[in-house]
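Sequence first, predicted model second:
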Amino acid sequence: MTDKEAVLDALSRLPENASSIEEITEELQIHGSSSRGREAIAAGRTKSQEEVKQLVDSWATGWGSDNLVRSGSRGSRRHLFLHCAR
């Protein structure tokens, strides 16, 4: 199935009252994420449950009080995450 066919299929499955651009965009984003996930699995780009657990545990250790960024200093969530992930 081509990307265009997949988009048309996803749109055809939307309820008739799904008229907002936001609803349509969300459906297409979900479809795209799902498609990329299947491609990653097929290509072998996966992590074991243990690898994921270790990864998540490593994130948690970065949230100590010495790593917190005050909201006034580059207070974006992205910056906070990057700061804690160091």
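It's in.

Run through the neighbouring helices and strands of the helix or strand where residue 41 lies.
Following DSSP states H and E, one finds residue 41 within helix 21-42. For helix 21-42, the elements it packs on are helix 3-12, judged by 3 or more C-beta pairs under 8 Å, 6 or more residues apart in numbering; DSSP states H and E. Every residue, glycine included, has its C-beta placed from N, CA and C.

CA-only coordinates of the helix it packs on in CSV, if you can.
C-alpha atoms of helix 3-12 as CSV (Å, rounded to 0.1, in the frame of the first residue of the first chain):
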residue,chain,number,x,y,z
ASP,A,3,1.4,6.3,1.5
LYS,A,4,-1.3,8.0,-0.5
GLU,A,5,-3.5,4.8,-0.3
ALA,A,6,-2.8,4.6,3.4
VAL,A,7,-3.9,8.2,4.0
LEU,A,8,-7.1,7.7,1.9
ASP,A,9,-7.8,4.5,3.9
ALA,A,10,-7.3,6.3,7.2
LEU,A,11,-9.5,9.2,6.1
SER,A,12,-12.2,6.8,5.0
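
Can you mark which positions in it are buried?
7, 10 (16 or more other C-beta atoms under 10 Å).

can you list contacts of it?
1, 24, 27, 28, 31, 35 (C-beta atoms under 8 Å, 6 or more residues apart in numbering).

Since that was my last question, I'll sign off now.
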